[in-house]
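Colleague: Below are the sequence and a predicted model; questions follow.
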Amino acid sequence: MSITTLVSLGVLILFGFYLVSIYNQLVTLRNRFKNGFAQIDVQLQRRHDLIPNLVESAKAYMQHEQDTLRMVMEARTRAMSATKAAATHPEDGAAIKGLSSAETALNRALANFYAVAENYPELKANTTIQQLMEELTSTENKVGFARQSYNDAVMAYHTYREKFPNNFIAGFFAFKETEYLQLESPEAKQPVRVSFDRTNS
């Protein structure tokens, strides 16, 4: 075997290792943002579990606000469905967009619930309601932190994926672009904070 052949073979082997390293890094970065979404999923499930307790506790005080309560529960159902779809395929940009939209709608429904609840002093003074609200606020904060971590991981994945020649490897092995998890309205980007001060009852 000639020296030229050996050199060519060596170059091909090195190039093969280079391509493998790109592929492995893409896998690592994709798994990283998938793990980031798993942390969001845990907090969203906690949030969705708290909402029925809140609505059930409020029913006794808000008998004339059935539409408000129904809207919260319907928004929760849609958010749960969107969360399940996104958790199954967090690399699917459409699923992440659907989750963003559903969670924004749920935030708006909850904000409307809180606004209406201000008109019911007995509800505001209820310790169970207050505790549930505090737990929801805490969970919302955790969702925000987890979402930031997920979005950072997605950015790292996108940046590496778009570089040359990484983009060719990504395209060949179907490492698709995903989406950032974002809320669609400015007011929904902030954790919900409601004050149930008994002195105002």
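Modeller: Alright, I've got the coordinates. Residues are numbered from 1 along each chain as shown.
Colleague: Now the worst-scoring helix or strand of the chain on mean pLDDT: buried residues?
Modeller: Here the helix or strand of the chain ranked lowest by mean pLDDT, DSSP states H and E is helix 121-125, holding a mean of 84. Residues of helix 121-125 classed as buried by neighbour count (16 or more other Cβ atoms under 10 Å): 123, 124. Using the backbone N, CA and C atoms, a C-beta is placed for each residue, glycine as well.
Colleague: That helix: what's the following helix or strand?
Modeller: Next along the chain after helix 121-125, taking DSSP states H and E as the criterion, comes helix 127-162.
Colleague: now for that following helix, which elements pack on it?
Modeller: helix 3-59, helix 166-172 (3 or more Cβ pairs under 8 Å, 6 or more residues apart in numbering; DSSP states H and E).
Colleague: switch to 6 Å and redo it
Modeller: If contacts are counted by 3 or more Cβ pairs under 6 Å, 6 or more residues apart in numbering; DSSP states H and E, helix 127-162 sits against helix 3-59.
Colleague: which secondary structure elements does the helix it packs on contact?
Modeller: By 3+ Cβ pairs under 6 Å, 6+ apart, helix 3-59 packs against helix 66-88, helix 127-162, helix 166-172.
Colleague: Put together TSV for those helices, with mean neighbour count on each row.
Modeller: Shown next, in TSV, are the helices and strands packed on helix 3-59 (neighbours: other Cβ atoms under 10 Å):
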stretch	mean neighbour count
helix 66-88	17
helix 127-162	17
helix 166-172	15
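Colleague: Show me where this protein dips below the pLDDT cut-off.
Modeller: 1, 183-201 (pLDDT under 70).
Colleague: With only the CA atoms kept, save stretch 115-128 in PDB.
Modeller: Extracted C-alpha coordinates of stretch 115-128, given in PDB (Å, rounded to 0.1, in the frame of the first residue of the first chain):
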ATOM      1  CA  ALA A 115     -60.200  39.600  39.400                       C
ATOM      2  CA  VAL A 116     -63.700  38.200  40.000                       C
ATOM      3  CA  ALA A 117     -62.700  36.700  43.300                       C
ATOM      4  CA  GLU A 118     -61.800  40.200  44.600                       C
ATOM      5  CA  ASN A 119     -65.600  40.800  44.800                       C
ATOM      6  CA  TYR A 120     -66.100  38.000  47.400                       C
ATOM      7  CA  PRO A 121     -64.700  39.000  50.800                       C
ATOM      8  CA  GLU A 122     -65.500  35.600  52.400                       C
ATOM      9  CA  LEU A 123     -63.500  33.800  49.700                       C
ATOM     10  CA  LYS A 124     -60.600  36.200  50.100                       C
ATOM     11  CA  ALA A 125     -60.500  35.400  53.800                       C
ATOM     12  CA  ASN A 126     -60.600  31.600  53.400                       C
ATOM     13  CA  THR A 127     -57.400  30.000  54.500                       C
ATOM     14  CA  THR A 128     -57.700  27.100  52.100                       C
END
